[in-house]
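Enquirer: Curious how this folds, go ahead:
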Amino acid sequence: MKRRDCLKATLALPLLPQVLKAAGAPAMVRGRVRPGAAGWPAPADWNQLSRAVGGRLSVPQSPFLGDPATRAEALAQLNNPFYIGDQPALTQTSGYFGAWRSVPSAQMVAASHSADVAAAVNFARRHRLRLVVKGGGHSYHGTSCAPDSLLVWTRAMRQVELHAAFVAQGARPGTTAQPAVSVGAGAMWIDVYDAVTTQGGRYVQGGGCTSVGVTGLVTGGGFGSFSKAFGTAAASLLEAEVVTADGQVRVVNADHDPELFWALKGGCAGSFGIVTRMTLKTHALPTTFGGVSFKVQAGSDESWQALAAQVLRFYRDTLCNPHWGEQITFAGDRVLSVSMVFQGLNRETAEATWQPLLDWIKARPDYLLREPLQALAMPARDFWDADFFRQHAPRFIAEDTRANAPSRHMLWKGDQGQVGWFLHGYASAWMPSALLGEDRLGAAATAICAAAEHMDVGLHCNKGLFGAPAEALAASGDTATHPAVLDAFALALIGNAGGPVYPGSGGSVDEPGARRGALRVGRAYAALGAVVPQAPTYVSECDYFQKDWQQAFWGPHYPRLLAAKRRYDPDGLFVIHHGVGSDAWSADGFEPNPG
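Expert: Just a heads-up that it's a prediction; the model follows:
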């Protein structure tokens with residue numbers, strides 16, 4: 001069940017310590033400057049930048065700290081991710097306990113095109129400023145947030161253009177044209193799904209949460225509900241326009257700056273430059289999309305472990321294929337929750353798929369079906385059509401309630417709890433396919449149940465590509481994402497969070513509760529470690545304090561990524577938490593580390 005490519009890639013691992021030792025800050029690199037310190041740009045300098053970007057330079061202000069009318073509107077929209085995303089001073093995650101808080105930058109360029117971005121990059125380089133970039137602002141690690149920094153805000157760059165026959169710039173002769181979509185750096189996935197699927201009748205592999213920014217998800221490796229069929233979002237990247245640390249606007253693809261292009265496919269763009277546009281491959285649209293849900297409770301620890309083992313076995317034999325994705329959750333009260341999606345099946349077939357497991361459950365008196373199986377199927381073209389859901393299934397969605405909001409602005413109601421949340425703890429691990437073998441399946445079930453005693457454990461089946469078709473595996477293998485994803489049957493996610501804590505919003509951190517939540521997450525992760533010790537993990541959904549993060553995020557790919565970093569950003573202008581080369585800088589990104 002292992003893949004030869006994964007084993008070959010590990011040959012590079014002995015080189016990793018030497019490469020990391022060489023990754024210290026380059027000689028003569030000086031620290032960043034802060035407001036009020038010597039070297040901070042004078043008003044005349046800021047005025048010059050403002051003129052260069054068409055007057056789109058300003059000081060970002062939190063609406064929760066504004067006048068009474070502004071604050072009232074912000075409080076009314078506190079659960080609206082589209083509103084939060086339209087505020088340059090806010091981020092969709094309001095912080096992480098013991099790590100970071102959502103704090104506005106000192107200055108902001110609201111970029112409308114790549115020339116604005118280049119002007120901001122050049123200014124930050126000349127004046128030694130801490131530079132951050134924000135599109136969607138969903139980062140759990142606060143990578144789009146840094147006090148005393150210059151923010152490049154790309155929200156206005158949300159153009160979406162469909163191509164019937166796209167060929168990358170400068171592509172080698174004979175390159176086959178293919179359907180694609182070009183997307184501006186500030187677009188959200190609902191913008192793209194509306195254009196590609198609802199209007200265009202095709203599919204693009206994107207994220208499950210509709211308000212997530214396209215650029216961050218793709219360059220972080222990114223998964224969507226149907227990644228088991230189509231691969232990672234990064235695997236569909238055909239071309240990107242990116243502003244590098246020298247202020248150059250580059251168009252990169254497999255034939256032009258191929259190492260930078262590869263690094264953008266899962267290596268996190270925030271370490272290499274600022275992406276201003278990307279072009280993604282589109283796919284033929286399946287006939288149907290749909291979903292299945294139910295809940296069952298076990299009456300004893302023994303029956304709970306038996307259920308966990310049977311679910312893993314059933315998943316291996318029936319669901320680990322391109323048709324199925326999303327979540328199976330094991331909760332501490334011995335409740336199994338299934339919330340999965342499917343593609344290319346009708347409702348009757350989807351229901352019949354689950355019947356053997358339901359029969360197994362119903363035949364045993366120690367199980368209680370808390371919520372019966374429900375299934376919904378629809379034409380795939382309607383899956384992101386807000387009007388369809390308003391008419392046929394309004395209970396599944398929440399909407400942008402602002403006057404004049406685009407009618408396409410919907411999100412899945414289950415994602416609304418993430419708006420503004422403050423993370424107490426978060427951890428994830430890719431679950432290797434070997435755990436589904438009969439010789440290890442029982443141990444895997446035991447570890448999952450032991451972990452669930454501390455915190456719910458969600459198996460995100462779409463975030464592991466074992467069982468995907470060969471084409472999706474090959475394309476996803478040609479990315480910077482850790483190769484363990486190719487052999488993982490799921491990503492196990494464990495998290496705990498509280499409500500928004502933006503200054504002025506009325507929310508505050510319950511420190512004892514946050515500490516307990518973080519401790520429970522840690523204990524659950526440790527219990528899971530019985531079967532996945534030192535597990536590779538997904539860079540965008542993991543512990544802020546991840547140990548050995550270079551290996552955990554990228555494994556054998558890290559030396560290659562670091563080489564690209566040193567080529568395109570030799571002085572470390574772009575620094576994000578646990579990003580490629582970030583160990584050359586202090587935790588706040590202001591001071592170079594010695595050596």
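Enquirer: Show the contacting residues for residue 207.
Expert: 189, 214, 217, 222, 223, 224, 233 (C-beta atoms under 8 Å, 6 or more residues apart in numbering). Heads up, the C-betas are built off the backbone N, CA and C, glycines and all.
Enquirer: Can you name the residues that contact the nearest residue to the fourth one once chain neighbours are set aside?
Expert: If I follow you right, that is residue 222. Leaving out its chain neighbours, the residue that sits closest to residue 222 by C-beta to C-beta, 6 or more residues apart in numbering is residue 233, at 3.5 Å. By C-beta under 8 Å, 6+ apart, residue 233 lies in contact with 205, 206, 207, 217, 218, 221, 222, 223, 224, 227, 280.
Enquirer: how about stretch 354-373: buried residues?
Expert: 354, 357, 360, 361, 367, 373 (16 or more other C-beta atoms under 10 Å).
Enquirer: pretty sure the fourth one is in a strand, no?
Expert: No - the assignment for residue 361 (DSSP: H, G, I helix; E, B strand; the rest coil) gives helix, which keeps it out of a strand.
Enquirer: Next one: it from residue 372, what distance?
Expert: Distance, residue 361 to residue 372, by C-beta to C-beta, to the nearest Å: 11 Å.
Enquirer: Among the contacts of residue 233, which lie within helices?
Expert: 217, 218, 227 (DSSP state H).
Enquirer: show me the contacts for the nearest residue to the last one once chain neighbours are set aside.
Expert: The spatial neighbour of residue 227 that comes closest, neighbours along the chain excluded (C-beta to C-beta, 6+ apart), is residue 462 at 4.7 Å. Contacts for residue 462 were tallied using C-beta under 8 Å, 6+ apart; they are 208, 223, 224, 225, 226, 227, 228, 325, 326, 341.
Enquirer: now, among those, which is nearest to residue 317?
Expert: residue 228 (15.3 Å; C-beta to C-beta).
Enquirer: can you tell me which residues contact the closest one?
Expert: 321, 322, 323, 324, 325, 461, 462, 464, 465, 467, 468, 472.
Enquirer: burial count for the second one?
Expert: The one in question is residue 322. 19 (other C-beta atoms under 10 Å).
Enquirer: Relative to residue 584, how far out is it?
Expert: From residue 322 to residue 584 the distance is 41 Å (C-beta to C-beta).
Enquirer: go on, the fourth one?
Expert: Note on residue 324: its distance to residue 584, by C-beta to C-beta, is 42 Å.
Enquirer: more crowded one of the two?
Expert: Counted by other C-beta under 10 Å, residue 324 and residue 584 do not tie: residue 324 has more neighbours, with 24 against 21.
Enquirer: For the more buried one, name its beta-bridge partners.
Expert: residue 342 (DSSP bridges).
Enquirer: so what's residue 280 closest to, chain neighbours aside?
Expert: residue 236 (4.6 Å).
Enquirer: brain fart, residue 66
Expert: Per C-beta to C-beta, 6+ apart, closest to residue 66 is residue 74, 7.4 Å.
Enquirer: State the pLDDT value of that neighbour.
Expert: Here, the pLDDT recorded for residue 74 equals 98.
Enquirer: Any idea how many residues pack against it?
Expert: Residue 74 has 22 nearby residues by other C-beta under 10 Å.
Enquirer: and if you look at the one 5 residues further on?
Expert: A count of nearby residues for residue 79, using other C-beta under 10 Å, gives 16.
Enquirer: before we move on, what about the one 4 residues further on?
Expert: Applying other C-beta under 10 Å, we find 21 other residues in the vicinity of residue 83.
Enquirer: One more: residue 429?
Expert: Based on other C-beta under 10 Å, the number of other residues close to residue 429 is 27.
Enquirer: distance of it from residue 319?
Expert: With C-beta to C-beta as the criterion, residue 429 and residue 319 are 20 Å apart.
Enquirer: same check, this time on residue 54
Expert: 52 Å.
Enquirer: Neighbour count: these two, which is higher?
Expert: Higher neighbour count among residue 54 and residue 319: residue 319, with 23 against 15, using other C-beta under 10 Å.
Enquirer: Give me the pLDDT for the nearest residue to the more buried one once chain neighbours are set aside.
Expert: Of all residues not flanking residue 319 in the chain, residue 461 sits nearest, at 6.9 Å (C-beta to C-beta, 6+ apart). The model reports residue 461 with a pLDDT of 98.
Enquirer: Ok, the one 3 residues further on next?
Expert: According to the predicted model, the pLDDT of residue 464 comes to 98.
Enquirer: Give the burial count for it, as a bare number.
Expert: Neighbours of residue 464 using other C-beta under 10 Å come to 27.
Enquirer: As a check, name the ranges of all helices in the stretch 1-150 of the chain.
Expert: 4-9, 16-21, 43-52, 68-76, 81-85, 114-127 (DSSP state H, counting those that start in this stretch).
Enquirer: what comes into contact with stretch 491-499?
Expert: 223, 418, 420-431, 448, 451, 455-460, 463-464, 507, 509-510, 513-514, 517-518, 520-521, 524-525, 528, 532, 537-538, 541.
Enquirer: My guess is residue 276 contacts residue 112. True?
Expert: No - using C-beta atoms under 8 Å as the test, residue 276 is too far from residue 112 to be in contact (10.3 Å).
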